[in-house]
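In: test case, fold it:
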Amino acid sequence: MSSPSASTTPATPAAKPQAVFRETVGRFRCAVLACPALKPRDKLVALVMLERVNRQMFEALGLLLTWTGVEAVARLCALSTRDVERARSALLAAGVIVRDRAGGRGQPTRMRLCLDWLEREDGPAGDAPDPSDDPSPDSGVADTGVGQSAERPPTAPGSSAGTGLHRPTPVSAKPCDKTREPTRASPHASAGTSPPPSAADIERDGHARIARRIGAVQHATWFRGCRLGLTGDGRLTVTAPNRCVADRIRAAYELELLRLFHVEAVDITVAVPPVAADSAFPLIEGRA
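Out: Residues are numbered from 1 along each chain as shown. Got it, this is the predicted structure:
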């Protein structure tokens, strides 16, 4: 009769390749977002290519390979094909990607995201925590006695110690508990409520809270062109400049926004660009 430990197969070895793949992709994503040499357009194209990496090829060869062509990347990023080609040229020059195999006969070029570049960018300095993420950094001052009031030593009447702030108050002949006459108060103070925040205040405070939570680089990449608002029924509205940014926020940051703003739901929409007279899609194609 076999023992229960011999018949039970642990699930760790089977899940290890997938865990390594997720960890590698996550490190590459953070390195791309934190790279100061890349423009926002280059980072967006690199992130879309990273999302299209073949996991089976990584588990078999240990390489991050993708066959996503220029037209597909342009459609996912809401960019023109010329902008995608410029972004890929910048990524090739920076060493983020290389051409692993040339295409032909209707087949796209196979691109490889370089793990050597990841190791250079994601070094020991990249693993250190960001001091800005800690809202209350350690100042090195001991907190002994914080919040405790020191007892004042008793002073004798007429002594020199009872001067300044510790001087005894002379007894007044008039009563001190006389009711003060009512004064004119502001409308908000009389109602017992503070003035409601404006839309600009809500948007400025919301962007600041998001930047503190996810980091300044990721906020600038995905939330810089978004408009924020709060509705009366406890819903957060996020208006993205294009569908790619809206899909990315919905997939990666919707739960984070629910926890951060303590709202019932998050409504993510795409802003409708104004239609110009000489261009039907001015924000997608742009000017060459």
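
In: in the stretch 151-288 of the chain, which ranges drop under the pLDDT threshold?
Out: 151-197, 273-288 (pLDDT under 70).

In: can you give me the helices in it?
Out: 187-191, 199-214, 216-222, 243-252, 254-261, 282-285 (DSSP state H, counting those that start in this stretch).

In: same thing with the stretch 1-150 of the chain?
Out: Under the criterion DSSP H, counting those that start in this stretch, the stretch 1-150 of the chain contains helices at 4-7, 12-34, 40-51, 55-61, 70-77, 81-94, 115-121.

In: just those helices: most buried one?
Out: helix 40-51 (a mean of 21; mean count of other Cβ atoms under 10 Å). To be clear about C-beta, it is placed using only N, CA and C from the backbone, and glycine gets the same treatment.

In: so for Cys35, which of the helices of the stretch 151-288 of the chain sits nearest?
Out: Among the helices of the stretch 151-288 of the chain, the nearest to Cys35 by Cβ to Cβ is helix 216-222 (9.0 Å).

In: can you list contacts of the closest one?
Out: Applying Cβ atoms under 8 Å, 6 or more residues apart in numbering, the contact partners of helix 216-222 are 33-34, 40, 43-44, 132, 207, 210-211, 245, 248-249, 252-253.

In: turn these into a markdown table, including distance to Asp267.
Out: Below are the contacts of helix 216-222 laid out as a markdown table (distance: Cβ to Cβ, whole Å):
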| residue | distance to Asp267 |
| --- | --- |
| Leu33 | 25 |
| Ala34 | 30 |
| Pro40 | 25 |
| Lys43 | 26 |
| Leu44 | 23 |
| Ser132 | 29 |
| His207 | 17 |
| Ile210 | 16 |
| Ala211 | 21 |
| Val245 | 15 |
| Arg248 | 16 |
| Ile249 | 11 |
| Ala252 | 17 |
| Tyr253 | 14 |
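
In: coming back round to it: as TSV, the helices of the stretch 1-150 of the chain with mean pLDDT and distance to Thr221 would be great.
Out: As requested, these are exported to TSV (pLDDT from 0 to 100; distance: least, Cβ to Cβ, whole Å):
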stretch	mean pLDDT	distance to Thr221
helix 4-7	44	49
helix 12-34	81	6
helix 40-51	92	6
helix 55-61	86	24
helix 70-77	90	12
helix 81-94	92	14
helix 115-121	88	16
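
In: any idea how far the residue nearest to Gly62 when sequence neighbours are not counted lies from Thr237?
Out: Nearest residue to Gly62, sequence neighbours excluded (Cβ to Cβ, 6 or more residues apart in numbering): Leu115, at 8.0 Å. Using Cβ to Cβ, to the nearest Å, Leu115 is found at 40 Å from Thr237.

In: contact partners for Leu44?
Out: Contact analysis of Leu44 by Cβ under 8 Å, 6+ apart lists Cys77, Leu79, Ala87, Thr221, Cys244.

In: quick one on the thing from earlier: and which of the contacts of helix 216-222 is nearest Ile97?
Out: Nearest to Ile97 among the contacts of helix 216-222: Lys43, at 12.5 Å, using Cβ to Cβ.

In: does the closest one really touch Ala31, like I thought?
Out: No - Lys43 sits out of contact with Ala31 when judged by Cβ atoms under 8 Å, with a separation of 10.4 Å.

In: how near is the residue nearest to Arg55 when sequence neighbours are not counted to Phe58?
Out: Nearest non-adjacent residue to Arg55, counting by Cβ to Cβ, 6+ apart: Phe21, 5.4 Å away. Separation of Phe21 from Phe58 (Cβ to Cβ): 5 Å.

In: got it, and Pro108?
Out: From Pro108 to Phe58 the distance is 18 Å (Cβ to Cβ).

In: contacts only, for the residue nearest to Leu64 when sequence neighbours are not counted.
Out: Computed as Cβ to Cβ, 6+ apart, the closest residue to Leu64 that is not its neighbour in sequence is Leu113, at 4.0 Å. When contacts are counted by Cβ under 8 Å, 6+ apart, Leu113 touches Phe28, Ala46, Met49, Leu50, Val53, Leu64, Thr66, Val96, Ile97.

In: ok, so what distance separates the residue nearest to the last one when sequence neighbours are not counted from Met111?
Out: To tie it back to what came earlier, the one meant is Ile97. In space, and not counting its chain neighbours, Ile97 is closest to Leu91: 4.7 Å by Cβ to Cβ, 6+ apart. Distance of Leu91 to Met111, given as Cβ to Cβ: 9 Å.

In: before we move on, what about Arg213?
Out: Applying Cβ to Cβ to Arg213 and Met111 gives a distance of 32 Å.
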